[in-house]
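Participant: Provided below are the primary sequence and the corresponding predicted coordinates.
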Amino acid sequence: MERAPVRLSLFWRTFLLIAAVVVASLLAWLQLFRAAELQPRAERFAWEITSIVNLTRAGLLSASGTARIDLLGDLARNEGIQVLPAEPTDRVRPWPDERFGAPFEAKLRELLGPETRLAAAVNNDDGLWIRFEIDDDPYWMLLDPARIERQANRNWIGWIGIAVALATAGALVISRVVNRPLATLAQAIERLARGEVPPPLREDAPTELAAVNRRFNRMAGDLAALEQDRAEALAGISHDIRTPLTRLRMEIEMAPVDAVTRDSMADEIDRIDAIVRQFGEFAQPASARPPERVDVAETLRSVLDGFRHGPDAAGLEIVETVAPGTAWHGAPTSLERIVANLVENARRYGAGPDARVRVDIDARRTGRGLELSVRDHGAGVPPEQLERLTRPFTRLDTERNRHGGSGLGLAIVARLARRHAGDLVLALPSDGGLLARVRLADDPG
């Protein structure tokens with residue numbers, strides 16, 4: 001199975017881009033700084049070593065005999081400085097760090113004379129070796145190598161760590177500030193897609209964002225007004241149609257016609273009334289009531305009892321599977337309408353070869369939401385027509401038209417699912433029938 005590519009959000013893309021630019025700039029600055037301060041550091045250390053050599057040379061020249069031997073002993077014990085005669089046969093290993101050693105040695109030669117030399121080991125004895133002359137006689141001065149190691153400027157590691165941490169924090173803040181208006185806009189669009197009216201976005205933002213927010217606010221207001229006008233129009237139509245339908249039903253009851261004709265006319269009136277009711281459900285706006293904890297098992301039992309004991313209960317078998325205590329946080333009326341519409345759709349079009357209808361219902365918690373599956377065992381639909389079923393006023397064939405549906409049942413389910421940040425997915429099981437799977441997210445409101 002091919003895995004979906006991992007996509008970073010705009011926030012993390014902005015953060016990583018800013019952080020990468022800042023860190024690259026800091027590293028480039030570090031290299032420039034190290035290159036610029038290397039020469040002054042090497043020259044400063046050369047002056048320090050020159051002072052030690054000159055003081056040692058002056059002391060040895062002024063002392064003689066036993067005093068010179070005592071001076072050499074004191075230097076070795078107290079200062080860690082040894083002075084040894086240089087021999088032509090000495091085995092010398094050059095200083096390994098050319099970046100620091102080369103300018104350091106060059107400055108020493110400038111200060112002490114052209115015969116001065118820097119070495120890392122003499123006759124396999126490691127240390128900081130400086131070759132110099134006393135009255136044209138060559139000598140080696142052995143110093144503690146820690147002297148030169150202390151010259152390595154390692155404080156930059158701590159400073160660069162602090163700088164990177166501050167740059168990362170700054171990148172997070174900048175990314176947050178830049179992406180907050182877009183995140184707010186995305187949340188408003190999501191609420192609008194669920195049929196809710198989002199709060200107005202700020203129009204005092206930067207110019208480009210203010211223009212986008214202003215247009216969105218105008219669009220959201222127009223859609224809300226359109227939705228309200230449609231709901232009022234359909235509610236008025238429903239009321240205007242149902243009033244004459246009620247009078248017509250009374251006249252049929254009093255009309256001198258046979259019972260079969262009377263029942264047939266009453267059925268047609270009931271179908272018209274059901275279609276009008278579905279029109280009103282489809283146009284009904286999102287509920288303004290706050291969400292509540294819904295007992296899924298209790299809601300299913302309440303809705304399904306109406307089907308099990310209704311006038312069309314003969315030949316209808318409903319099997320539900322739901323764990324006791326299963327709950328969903330949302331609008332209970334939405335869940336009731338979803339279950340009722342799906343079961344009604346299965347009852348109408350899911351009859352098997354024996355004219356009996358079996359409806360399987362499964363409800364379970366999935367992550368932070370509810371998944372509801374309703375399946376019938378009828379003839380199903382052509383696979384190429386499956387996508388059309390959730391469109392409003394869609395009826396696929398004359399057999400479905402014969403049932404008198406309005407083509408709004410599944411469209412209402414899809415609309416309600418979107419209001420609760422979910423969706424409706426239709427599938428054709430391999431052994432026949434139609435499977436409707438509804439996912440509903442918990443409403444945090």
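Facilitator: Received, thanks. Because the structure is predicted, anything quoted here is derived from the model rather than measured.

Participant: Poorly predicted segments of the stretch 51-200 of the chain, please.
Facilitator: 65, 148-157, 194-195 (pLDDT under 70).

Participant: those helices in it, which residues are they?
Facilitator: With helices called from DSSP state H, counting those that start in this stretch, the stretch 51-200 of the chain shows them at 66-74, 98-112, 146-149, 155-193.

Participant: could you dump those to TSV with mean neighbour count?
Facilitator: Placement of C-beta: from N, CA and C, glycine included. As requested, the helices of the stretch 51-200 of the chain are exported to TSV (neighbours: other C-beta atoms under 10 Å):
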stretch	mean neighbour count
helix 66-74	13
helix 98-112	17
helix 146-149	14
helix 155-193	14
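
Participant: which one of these lies closest to residue 305?
Facilitator: helix 155-193 (33.6 Å; C-beta to C-beta).

Participant: hang on, the earlier thing: in TSV: the helices of the stretch 51-200 of the chain, plus distance to residue 87.
Facilitator: Shown next, in TSV, are the helices of the stretch 51-200 of the chain (distance: least, C-beta to C-beta, whole Å):
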stretch	distance to residue 87
helix 66-74	17
helix 98-112	19
helix 146-149	24
helix 155-193	40
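
Participant: of those, which approaches residue 43 most closely?
Facilitator: helix 98-112 (4.8 Å).

Participant: How about residues contacting that closest one?
Facilitator: With contacts defined as C-beta atoms under 8 Å, 6 or more residues apart in numbering, helix 98-112 is touched by 38-39, 41-43, 45-47, 49-50, 53-54, 94-95, 116-118, 130, 132, 148, 151-152.

Participant: Measure how far that helix is from the centre of its chain, please.
Facilitator: Put simply, helix 98-112 sits 56 Å off its chain's centre (C-alpha atoms, centre = their mean, to the nearest Å).

Participant: Please write out the alpha-carbon positions of that helix in PDB.
Facilitator: Output of helix 98-112 as PDB, limited to C-alpha atoms (Å, rounded to 0.1, in the frame of the first residue of the first chain):
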ATOM      1  CA  GLU A  98      48.900  25.200  10.300                       C
ATOM      2  CA  ARG A  99      46.000  27.600  10.600                       C
ATOM      3  CA  PHE A 100      47.200  28.900  14.000                       C
ATOM      4  CA  GLY A 101      50.800  27.600  14.000                       C
ATOM      5  CA  ALA A 102      51.900  29.400  10.800                       C
ATOM      6  CA  PRO A 103      51.000  33.000  11.800                       C
ATOM      7  CA  PHE A 104      52.300  32.200  15.400                       C
ATOM      8  CA  GLU A 105      55.700  31.000  14.100                       C
ATOM      9  CA  ALA A 106      56.000  33.800  11.600                       C
ATOM     10  CA  LYS A 107      55.500  36.400  14.400                       C
ATOM     11  CA  LEU A 108      58.000  34.600  16.600                       C
ATOM     12  CA  ARG A 109      60.600  34.800  13.900                       C
ATOM     13  CA  GLU A 110      59.800  38.500  13.500                       C
ATOM     14  CA  LEU A 111      60.300  39.100  17.200                       C
ATOM     15  CA  LEU A 112      63.100  36.600  18.100                       C
END
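
Participant: Quickly list the domain ranges of this protein.
Facilitator: 10-155, 194-286, 288-441 (automatic domain parsing).

Participant: which residues sit in contact with the residue nearest to residue 18 when sequence neighbours are not counted?
Facilitator: Leaving aside its chain neighbours, residue 18 sits nearest to residue 171 (4.0 Å; criterion: C-beta to C-beta, 6 or more residues apart in numbering). Applying C-beta under 8 Å, 6+ apart, one finds that residue 171 lies in contact with 15, 18, 19, 22.

Participant: filter these to the buried ones?
Facilitator: 15, 18, 19, 22 (16 or more other C-beta atoms under 10 Å).

Participant: What is the nearest of those residues to residue 185?
Facilitator: residue 15 (18.8 Å).

Participant: How confident is the prediction for the closest one, by pLDDT?
Facilitator: The model reports residue 15 with a pLDDT of 78.

Participant: And whatever helix or strand it lives in, how far out from the chain middle?
Facilitator: In this structure, residue 15 is located in helix 10-62 according to DSSP states H and E. How far helix 10-62 lies from its chain's middle: 41 Å, per C-alpha atoms, centre = their mean.

Participant: and it, what does it pack onto?
Facilitator: The contact analysis (3 or more C-beta pairs under 8 Å, 6 or more residues apart in numbering; DSSP states H and E) places helix 10-62 against helix 66-74, helix 98-112, strand 125-134, strand 137-143, helix 146-149, helix 155-193.

Participant: Most tightly packed of the domains of the chain?
Facilitator: domain 288-441 (a mean of 17; mean count of other C-beta atoms under 10 Å).

Participant: got the contact list for residue 164?
Facilitator: Taking C-beta under 8 Å, 6+ apart, we find residue 164 in contact with 23, 26.

Participant: so who does residue 355 touch?
Facilitator: residue 315.

Participant: could you redo the last one with a cut-off of 6 Å?
Facilitator: Neighbouring residues of residue 355 by C-beta atoms under 6 Å, 6 or more residues apart in numbering: there are none.

Participant: Need the phi and psi values for it.
Facilitator: phi 70, psi 10 (degrees, to the nearest 10).
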